[in-house]
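In: my questions concern the predicted model and sequence given below.
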Amino acid sequence: MTVALILTILLVLAIAGYVVGRQRAVASAQGNIRVLHSLPNYYGWHGAIMAAVPALLILAVWLIAQPLVVERQLVSYFPSETVESDAARTLIMSDVRRVAEGLDVAVSRGALTEDQARDIRTEFGSVRDRLASVGVALGSEVSPQVLQAAQRSRELNTSGALWRTVLTLAAAFAGLAYAIKVTDKDFRARNRVEQVVLALLMAASTIAILTTIGIVFSMLSESMRFFTMYPWQDFFFNLTWSPNFRGNSELGLAPLLWGTLYISAVSMIVAVPMGLFTAVYLAEYASPAVRAVVKPLIEVIAGIPTVVFGLFALVTVGPFLRDWFAQPLGLGNSGSSVMTAGIVIGILNIPFISSLADDIINAVPQSMRDGSYGLGATKSETIRQVILPAALPGIVGAILLAASRAIGETMIVTMGAGASARLDLNPFEAMTTITVKIVSQLTGDGEFNSPETLVAFALGMTLFVITLGLNVFALFIVRKYREQYE
């Protein structure tokens with residue numbers, strides 16, 4: 001039974017649980033709902049929850065665990081002495097999954113019976129040709145070990161799907177029966193439903209926390225592997241970035257970190273004043289008619305894909321800066337530069353700062369404005385000395401959100417700033433950032449266990465620490481000024 005069919009059955013059982021639970025509660029009260037402990041809908045929701053939630057939890061755990069268990073069973077077909085590396089084992093397992101899926105397609109299309117798919121052997125002809133005849137393309141001929149592993153994978157997945165269906169539906173019917181049994185006029189259905197909702201909210205927050213922990217752990221573990229292959233002193237203090245997948249690489253962080261901070265600083269110099277001035281105008285000076293037109297037009301910028309901004313930097317901003325500033329001043333001849341990427345990223349971040357700051361300024365109580373006007377302050381003095389200080393925590397948050405986006409931007413930097421890792425103060429020279437090099441180091445046919453590939457995780461961990469520092473600083477500013485102005 002497919003997962004979609006199981007979910008459909010669970011939906012039907014949940015609806016039945018809602019209807020039966022509600023009707024049973026009303027019947028136990030003999031039609032007088034005033035004697036019920038909870039509203040009738042709570043009894044219905046209790047029946048729906050008991051019919052669906054336990055079964056869905058079992059289904060989710062099974063779907064996560066089954067592929068892991070199956071793959072562990074298949075590893076025995078490929079002993080460690082026959083596999084060159086972990087990367088080679090990963091490729092072999094992908095071939096196994098592809099062959100297993102091809103056999104499933106062949107059976108579903110009637111080209112093979114279930115018995116033929118289970119008993120097919122490479123000794124009796126080309127498996128690749130037989131699967132190709134039904135439209136399943138394989139890159140290379142299938143080895144006997146891969147075929148045997150694929151057939152075993154199908155057996156395990158079939159038996160797993162059967163047990164998955166049995167356990168999930170058994171849990172659903174058991175939960176529905178329990179809900180019907182305990183439902184009467186004195187049952188505290190509201191309390192039970194609220195407990196379940198609270199548990200779901202806690203589970204959602206736990207998943208978010210565990211996701212963050214998983215990201216940090218994966219980055220940290222791979223970074224530690226990198227530092228076992230490459231000296232950490234050279235990574236943090238070497239001033240040269242010169243990767244070579246043949247070996248003898250110089251993987252110094254300094255040029256990439258300098259380019260990241262330089263481009264981000266230029267972008268914030270562009271975005272922060274324009275974003276804040278725009279927010280102040282829209283919140284304090286613009287009429288409702290002007291605001292209704294201008295704010296949506298500014299926010300359209302946030303919906304433009306970054307690759308379009310990259311093309312804008314490549315075709316328009318870069319040549320303009322080169323022809324009108326860099327060449328006349330003798331500062332460079334390239335359209336790819338720190339200024340090009342920084343200005344375009346700054347334009348990209350204007351709607352983030354302006355929209356958030358606008359909402360924050362509007363949230364400042366009107367009584368603070370009225371009190372300032374009552375003391376004789378002008379509008380501009382009120383904005384400078386009352387409104388902006390009161391809104392400062394939120395404005396700092398908006399600025400740091402834009403800074404994080406600037407630090408993590410990749411496409412605009414690739415197309416507007418180039419890929420040259422260097423230490424230079426000239427803003428009209430091509431440079432690059434950490435994110436661009438993360439992408440470049442993880443693309444291509446390089447060995448995944450090599451320092452030149454694993455350095456991407458060390459770069460990512462460095463970027464994580466930088467953004468974490470920004471968030472801690474923002475939290476400090478918010479707490480300090482919130483106590484002062486609340």
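Out: Looks like it arrived, so ask away. Numbering: from 1, shown residues only.
In: run the chain-centre distance for the helix or strand harbouring T340.
Out: Using DSSP states H and E, T340 maps to helix 338-362. If you compare the mean C-alpha spot of helix 338-362 with that of the full chain, they lie 22 Å apart, counting by Cα atoms, centre = their mean, to the nearest Å.
In: ok, then the element right after that helix?
Out: Towards the C-terminus, the helix or strand next in line after helix 338-362, according to DSSP H and E, is helix 366-374.
In: in the next helix or strand after that following helix, which residues are buried?
Out: Toward the C-terminus, helix 366-374 is succeeded by helix 379-382 as the next helix or strand (DSSP H and E). Taking 16 or more other Cβ atoms under 10 Å as the basis for neighbour counts, the residues of helix 379-382 that come out buried are T382. C-beta here means a position set from N, CA and C on the backbone, and glycine is covered the same way.
In: which residues are contacting helix 379-382?
Out: In this structure, residues lying in contact with helix 379-382 by Cβ atoms under 8 Å, 6 or more residues apart in numbering are 284, 369, 372-373.
In: ok, 6 Å please
Out: By Cβ atoms under 6 Å, 6 or more residues apart in numbering, the list of residues contacting helix 379-382 from outside reads 369, 372.
In: mean confidence for the next helix or strand after that helix?
Out: Beyond helix 379-382 on the C-terminal side, the first helix or strand identified by DSSP H and E is helix 388-408. Taken as a whole, helix 388-408 has an average pLDDT of 88.
In: compute the inter-axis angle for helix 388-408 and helix 338-362.
Out: Here the directions of helix 388-408 and helix 338-362 differ by 140 degrees (axes from the mean of the first three to the mean of the last three Cα atoms, to 10 degrees).
In: circling back to that earlier point, average pLDDT for the helix holding T340?
Out: 93.
In: show me what contacts the residue nearest the centre of the chain?
Out: Compute the mean C-alpha point of the chain, and by Cα atoms, centre = their mean the closest residue is T211, 9.7 Å away. With contact set as Cβ under 6 Å, 6+ apart, T211 has no partners.
In: follow-up on the earlier one: list the buried residues in the helix holding T340.
Out: So, applying 16+ other Cβ under 10 Å, buried residues of helix 338-362: 338-358, 360-361.
In: likewise stretch 170-190?
Out: Of the residues in stretch 170-190, those with enough neighbours to count as buried (16+ other Cβ under 10 Å) are 171-172, 175-176, 179-180, 182-183, 185, 187, 189-190.
In: same question, stretch 222-239
Out: Buried residues in stretch 222-239 (16+ other Cβ under 10 Å): 222-223, 226, 230, 235, 238.
In: same check, this time on stretch 186-204
Out: 187, 189-190, 192-193.
In: list the contacts of the helix holding T340.
Out: 262-263, 266-267, 270-271, 274-276, 278-279, 282-283, 298-299, 301-302, 309, 313, 317-318, 321, 391, 394-395, 398, 401-402, 406, 409, 412-413, 416-417, 427-428, 431.
In: all strands of this structure, in order?
Out: Using DSSP state E, the strands assigned to the chain run over residues 241-242, 250-251.
In: among the ones you listed, which comes closest to A4?
Out: Checking those against A4 by Cβ to Cβ gives strand 250-251 as the closest, at 47.6 Å.
In: helices or strands up against that closest one?
Out: Using 3 or more Cβ pairs under 6 Å, 6 or more residues apart in numbering; DSSP states H and E as the contact criterion, strand 250-251 has no neighbours among helices and strands.
In: can you give me how far that strand is from the chain middle?
Out: Once both centres are worked out by Cα atoms, centre = their mean, strand 250-251 turns out to sit 29 Å from its chain's centre.
In: I'd like the domain boundaries of the chain, if you could list them.
Out: The chain resolves into domains spanning 3-187, 241-485 when parsed by automatic domain parsing.
In: do you have the helices of the stretch 101-250 of the chain handy? List them.
Out: Across the stretch 101-250 of the chain, reading from the start of the chain, the helices by DSSP state H, counting those that start in this stretch fall at 114-119, 127-132, 144-182, 189-229, 232-237.
In: what's the closest of the ones you listed to A458?
Out: Across the helices of the stretch 101-250 of the chain (criterion: Cβ to Cβ), the nearest stretch is helix 189-229, sitting at 4.6 Å.
In: give me the distance from that closest one to the chain's centre.
Out: Centroid separation for helix 189-229 versus its chain: 13 Å, with Cα atoms, centre = their mean.
In: state the distance from the closest residue to G17 other than its chain neighbours to L57.
Out: Nearest in space to G17, with sequence neighbours left out and distances taken as Cβ to Cβ, 6 or more residues apart in numbering, is G47 at 3.3 Å. Distance of G47 to L57, computed by Cβ to Cβ, to the nearest Å: 17 Å.
In: higher neighbour count, those two?
Out: Counted by other Cβ atoms under 10 Å, G47 and L57 do not tie: G47 has more neighbours, with 31 against 13.
In: the more buried one contacts R22, doesn't it?
Out: No: the criterion here is Cβ atoms under 6 Å, and G47 misses it with R22 at 7.5 Å.
In: what about A254, neighbour count?
Out: Every residue meeting other Cβ under 10 Å relative to A254 is counted, giving 16.
In: wait, what's in contact with it?
Out: Shown in contact with A254 (Cβ under 6 Å, 6+ apart): L239.
In: tell me the pLDDT at it?
Out: In this model, A254 is scored at 94, pLDDT.
In: likewise W62?
Out: According to the model, W62 carries a pLDDT of 90.
In: now it: closest residue in space that isn't a chain neighbour?
Out: Across the structure, with Cβ to Cβ, 6+ apart as the measure, the residue nearest W62 apart from its sequence neighbours is R164 (4.7 Å).
In: so for that neighbour, what's the pLDDT?
Out: The model's pLDDT for R164 equals 91.
In: got it, and T212?
Out: Reported pLDDT at T212 in the predicted model: 87.
In: number of nearby residues for it?
Out: 10.
In: in a markdown table: the buried residues of stretch 186-204, plus pLDDT and distance to R154.
Out: Output for these, formatted as a markdown table (pLDDT from 0 to 100; distance: Cβ to Cβ, whole Å):
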| residue | pLDDT | distance to R154 |
| --- | --- | --- |
| F187 | 87 | 47 |
| A189 | 88 | 45 |
| R190 | 91 | 48 |
| R192 | 90 | 42 |
| V193 | 91 | 42 |
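In: any idea of the mean pLDDT for stretch 422-434?
Out: If you average the pLDDT over stretch 422-434, you get 93.
In: now do stretch 229-248
Out: 88.
In: low pLDDT regions in the chain?
Out: Per-residue confidence of the chain (counting by pLDDT under 70) places the weak regions at 81-87, 111, 116-117, 119, 121-142, 444-447, 481-486.
In: now, which of the buried residues of stretch 222-239 sits nearest V472?
Out: When the buried residues of stretch 222-239 are compared for distance to V472 (Cβ to Cβ), S223 comes out closest, at 20.4 Å.
In: surely the closest one and A456 touch.
Out: No: between S223 and A456 there is no contact under Cβ under 6 Å: 9.6 Å.
In: and the closest residue to G160 other than its chain neighbours, how far is that from A203?
Out: Closest residue to G160 in three dimensions, ignoring its sequence neighbours and counting by Cβ to Cβ, 6+ apart: Q66, at 4.7 Å. Using Cβ to Cβ, Q66 is found at 21 Å from A203.
In: sounds good, over and out.
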